[in-house]
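Student: Pasting the sequence and the predicted coordinates here, then a few questions.
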Amino acid sequence: MSLSITGDAAADRLLTEDPFALLVGMLLDQQVAMETAFAGPAKIRNRVGTLDPATLASIDPDELEAHFRQTPAVHRYPGSMAGRVRALAAAVCEDWDGDAAAIWTQGSPDGPEVLRRLKALPGFGDQKAKIFLALLGKQYGYDGAGWHEAAGDYGKPGYRSVADITDPESLAKVREFKREQKAAARRG
């Protein structure tokens with residue numbers, strides 16, 4: 001398994017190898033391009049020196065925000081997103097002993113249980129949790145019973161979200177789908 005989301009081999013390798021990096025990328029995936037969001041964990045690791053959840057949970061908030069603000073910024077909203085990453089890191093430490101993968105591996109959970117666990121994380125609402133569950137199932141090797149159904153439309157074949165991006169062509173198809181969805185929403 002090798003993710004191909006950002007267009008940057010090193011950033012994609014980090015997402016592939018580090019479950020917490022993938023979780024952080026998903027958290028950052030709002031109001032910025034998907035590639036920017038998922039490249040964020042590599043920027044954080046390079047600037048802070050680690051992507052260890054315990055370190056990020058305990059880092060001084062102002063220091064973490066300063067790392068987020070460095071050019072190029074990790075996110076267009078560096079202050080609030082630094083706080084969200086710090087809160088996510090704390091939740092992973094407190095609830096999962098610092099092991100992000102435990103969210104989808106501990107106790108061999110089925111899809112609905114993983115969805116429940118994801119929705120309990122700071123910054124993960126229903127839609128983000130479903131997209132992440134689909135990403136786990138489609139590209140990250142998760143095969144818990146019922147994940148397709150629990151992920152809703154994101155679990156279906158097609159090009160709806162980051163869960164479906166495997167190369168530049170699929171990225172273009174996901175972008176087109178999102179454009180169509182926004183246009184349909186504007187039409188009412």
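Tutor: Structure received.
Student: center of the protein - which residue?
Tutor: M26 (1.6 Å; C-alpha atoms, centre = their mean).
Student: where's it relative to T166, distance?
Tutor: Distance, M26 to T166, by C-beta to C-beta, to the nearest Å: 16 Å. Backbone N, C-alpha and C define where each C-beta goes, glycine included.
Student: Just want the phi and psi numbers for L88.
Tutor: With angles defined as degrees, to the nearest 10, L88 sits at phi -60, psi -40.
Student: Now do the buried residues in stretch 83-98.
Tutor: Buried residues in stretch 83-98, counting neighbours by 16 or more other C-beta atoms under 10 Å, are found at 83-93, 96, 98.
Student: same thing with stretch 1-18?
Tutor: 3-6, 11-12, 14-16, 18.
Student: Serialize the residues you listed to TSV and add fields for secondary structure and pLDDT.
Tutor: Converted to TSV, the buried residues of stretch 1-18 look like this (DSSP: H, G, I helix; E, B strand; the rest coil; pLDDT from 0 to 100):
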residue	secondary structure	pLDDT
L3	coil	93
S4	coil	92
I5	coil	93
T6	coil	93
A11	helix	96
D12	helix	96
L14	helix	97
L15	helix	97
T16	helix	96
D18	coil	98
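Student: quick one on the thing from earlier: okay, and the residue nearest to the centre of the chain sits in which element?
Tutor: helix 19-28 (DSSP states H and E).
Student: export that helix as CSV, just CAs?
Tutor: Taking Å, rounded to 0.1, in the frame of the first residue of the first chain, the C-alpha atoms of helix 19-28 are listed here in CSV:
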residue,chain,number,x,y,z
PRO,A,19,-1.3,6.6,10.9
PHE,A,20,-1.2,9.8,13.0
ALA,A,21,0.0,11.7,10.0
LEU,A,22,-2.9,10.4,8.0
LEU,A,23,-5.3,11.4,10.7
VAL,A,24,-3.8,14.9,10.9
GLY,A,25,-4.0,15.3,7.1
MET,A,26,-7.7,14.5,7.3
LEU,A,27,-8.2,16.9,10.2
LEU,A,28,-6.6,19.7,8.1
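Student: Now the element after that helix, going C-ward?
Tutor: helix 34-48.
Student: quick check: angle from that next one to helix 19-28?
Tutor: 130 degrees (axes from the mean of the first three to the mean of the last three C-alpha atoms, to 10 degrees).
Student: Can you show me the helices along this structure?
Tutor: Assigned by DSSP state H, the chain shows helices spanning 9-17, 19-28, 34-48, 53-58, 61-69, 78-96, 102-105, 111-119, 126-139, 147-150, 168-187.
Student: These: which one's closest to Y159?
Tutor: helix 168-187 (3.7 Å; C-beta to C-beta).
Student: Could you tell me the angle between the direction of the worst-scoring helix or strand of the chain on mean pLDDT and that of helix 34-48?
Tutor: Least confident helix or strand, the chain: helix 168-187 with a mean of 91, by mean pLDDT, DSSP states H and E. With the same axes, to 10 degrees as the basis, helix 168-187 and helix 34-48 are set at 110 degrees to each other.
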